[in-house]
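Q: coords please:
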Amino acid sequence: MAQNDGNNPFAAGEPFRAFFDMQGEAMREMFAQAMPGSGSGSGEALGASLKGMLPEGVSAGDLGEWAKAGTELQQMWLEFMGHQAKKAAKKSTEGKNLLDPAQWLVISQSMVEQFPKGAFDAQARLAQDSLALWKGVFERFVTSAGAGGESDDASELPMKDRRFADPAWREHPAFALLHQTYLMLTEYFRQAVKSMDGLDKEKRKQLEFAVNALSEAMSPDNFLLTNPVVMKRTVETKGQNLVRGMRHLINDLKRGQLTHTDPDAFTLGENLAATPGKVVHETPMYQLVQYSPSTKDVYEVPLVIFPPWINRFYILDLTPKKSFIKWAVDQGLTVFVVSWKSADESMADVVWDDYIRSQIDAIDRVRDRLKVPHVHTIGYCVAGTTLAATLAILARREEADKVKSATFFTAQVDFEKSGDLKHFIEDSQLEMIGQLSPQGYLDGRYLAATFNALRGKDLIWNYVVNNYLLGEDYPAFDLLHWNGDVTNLPSKWHNDYLRDLYRDNKLVVPDALSADGTPIDLTQVETPSFVQAGREDHIAPAESVWRITDHFAGPLEFLLAGSGHIAGVVNPPAANKYQYWVGDSNAPSLKAYIESAEEHPGSWWPHWLEWLEKQDDTKVPATGKRKPGGRGDTVIEDAPGRYVKTR
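A: Numbering: from 1, shown residues only. Okay, here's the model as predicted:
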């Protein structure tokens, strides 16, 4: 273990603790110099910090409003603590709440601690020297700006970040120096990891992730006393922003989940998941929803959509203008979608085999219902991974003709380059997940927190600032509503999936895995396939999705869409957004594909429909059971069904 030399605060292998300490010392020094007379207590510091921002003529009545806000904050917190005490009394033990964003700092710190002690020491000494030099240059800049107000150079600070775009970050030298110091240190540590010797590729990526997570959490815009925008808002509202923010915070702590959107803005079946249809079949695993035709004639081959059971299926049936399902129905497709059940104790023994059997069952149910020999299929994300295994099993059983075509939305089969999620599949993380699933299923809120952590700046800390500090009202945003509508996962399946696929990459090894008694060999899949990837996808990176082209044996078309894991898929033609690229699907690499590709503006959905028509463009009248719930047709209930509403 490296010993602390007494002079280097980065010694003893604690670079991040030193980073935090340095930032804290810098803040205290800056505020002491910029705001004379401020005390050391947090209340005095807040008062002193706000003093320079108070408008002239503040009255006693204004001070009364401040006192009222303080009383409200105290009362709300006392009531919340009482609520928590009652909850704790009902349990013999109370574990850590990993849904609290702050707990992700603990996870990230634990990642850092796995690396050799003293690994940052030499770089840290250089960082201190660089910081001293940079600070001297910056102080000259501040002096120049302070002499005559904000100079032309003041808007051209050395480092930029959209979190600090508000002019308030430049209007006071202390805040300018604070956020510029933060950005410089953050960039330095990122570069230090990239240049660090003795780390294998995966360890380096994991450490990069940890550094990013910690630095995002420590951004000065996340804290009241170091965010001038929040301080101004606090003055303007006489503290009412903090009252609203405290109310938001307490509600989120009670529900164990960060709120991104107005929880009362949407109702399933009314303004979300509202495409008309019926539930025509159900099992303990899923409901099968069939949508009512909107055209006189329909394509003979029906479409069965398998959405990921990690999320609710209505990502493909948001508001009518964004709904892929409604659009597909309007094009003349007979559309079925599988609505997976959110896991509970009854699903404690569910494994991957059960999801594969469910896909085969849904395919057979649709074939039998409409008296057709085969169906088109779509698999989204993990359901696409499962669809690939399903196709391999059908091929091994000589039943491949049940599926006319397969479309994959951002689905991976080869996990060698599977992105940031791999940072959560080391033994320690897998053990933690197991501890979080005592009843046989993983609470979906934990998974939501994981995905949020992958984009912490946008999906965690941005909302901490807006919701808790600025006290802003929640927006009515359908996509964010869906993102927060979590589902539980069977823990056995989840752990097997992370180990066998993400960590050990067994799916691409012929016969290394089997399901329902049949070995899986992807090289036997000859089903015509359409593969879509998102160019900015951080969950299923395009390079990882591309790997499917190395394993399937049948005809395949690859398409690269603009944007990421969601917007890259949910991009209706009417929106006229983004773009897509079509190139040589037989190219030796994604890079070669991109070099050969032609860019097209707008949605890729019409291009996909053209491809589907090439597989079979026969049409039939939309009569009989093509219209679910008609005369003589027994159905269970209206779409979207019970399962999607079960929490």
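Q: need phi/psi at the residue nearest to Leu318 when sequence neighbours are not counted.
A: Nearest residue to Leu318, sequence neighbours excluded (Cβ to Cβ, 6 or more residues apart in numbering): Asp478, at 4.7 Å. Every C-beta, even on glycine, is put in place using the N, C-alpha and C of the backbone. Asp478 adopts backbone torsions of phi -60, psi -40, taken as degrees, to the nearest 10.
Q: same deal with Ala553?
A: According to degrees, to the nearest 10, Ala553 has phi -100, psi -20.
Q: and the residue nearest to Leu318, how many neighbours does it have?
A: Counted with other Cβ atoms under 10 Å, the neighbours of Asp478 add up to 19.
Q: so for stretch 183-197, mean pLDDT?
A: Averaged over stretch 183-197, pLDDT sits at 77.
Q: could I get the buried residue list for it?
A: The neighbour-count check on stretch 183-197 (16 or more other Cβ atoms under 10 Å) flags Leu183, Met184, Leu185, Thr186, Tyr188, Phe189, Ala192, Val193, Met196 as buried.
Q: distance to Arg244 and secondary structure for the residues you listed - can I get that in JSON lines?
A: Formatted as JSON lines, those follow (distance: Cβ to Cβ, whole Å; DSSP: H, G, I helix; E, B strand; the rest coil):
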{"residue": "Leu183", "distance to Arg244": "29", "secondary structure": "helix"}
{"residue": "Met184", "distance to Arg244": "34", "secondary structure": "helix"}
{"residue": "Leu185", "distance to Arg244": "32", "secondary structure": "helix"}
{"residue": "Thr186", "distance to Arg244": "30", "secondary structure": "helix"}
{"residue": "Tyr188", "distance to Arg244": "37", "secondary structure": "helix"}
{"residue": "Phe189", "distance to Arg244": "35", "secondary structure": "helix"}
{"residue": "Ala192", "distance to Arg244": "40", "secondary structure": "helix"}
{"residue": "Val193", "distance to Arg244": "39", "secondary structure": "helix"}
{"residue": "Met196", "distance to Arg244": "44", "secondary structure": "coil"}
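Q: tell me the two of these that are most distant?
A: Farthest apart among the buried residues of stretch 183-197 by Cβ to Cβ are Leu183 and Met196. That separation is 20.6 Å.
Q: got the contact list for Trp581?
A: Arg535, Leu559, Leu560, Ala561, Ile594, Ala597, Glu598, Glu599, His600 (Cβ atoms under 8 Å, 6 or more residues apart in numbering).
Q: in a strand, it, correct?
A: Yes. Assessed by DSSP: H, G, I helix; E, B strand; the rest coil, Trp581 belongs to a strand.
Q: buried subset of the contacts of Trp581?
A: Arg535, Leu559, Leu560, Ala561, Ile594, Ala597.
Q: find the nearest non-adjacent residue to Asp353, please.
A: Per Cβ to Cβ, 6+ apart, closest to Asp353 is Ala515, 4.4 Å.
Q: name the SS class of the residue nearest to Gly379 when sequence neighbours are not counted, please.
A: Nearest non-adjacent residue to Gly379, counting by Cβ to Cβ, 6+ apart: Leu387, 3.2 Å away. At Leu387, secondary structure determined by three-state DSSP is helix.
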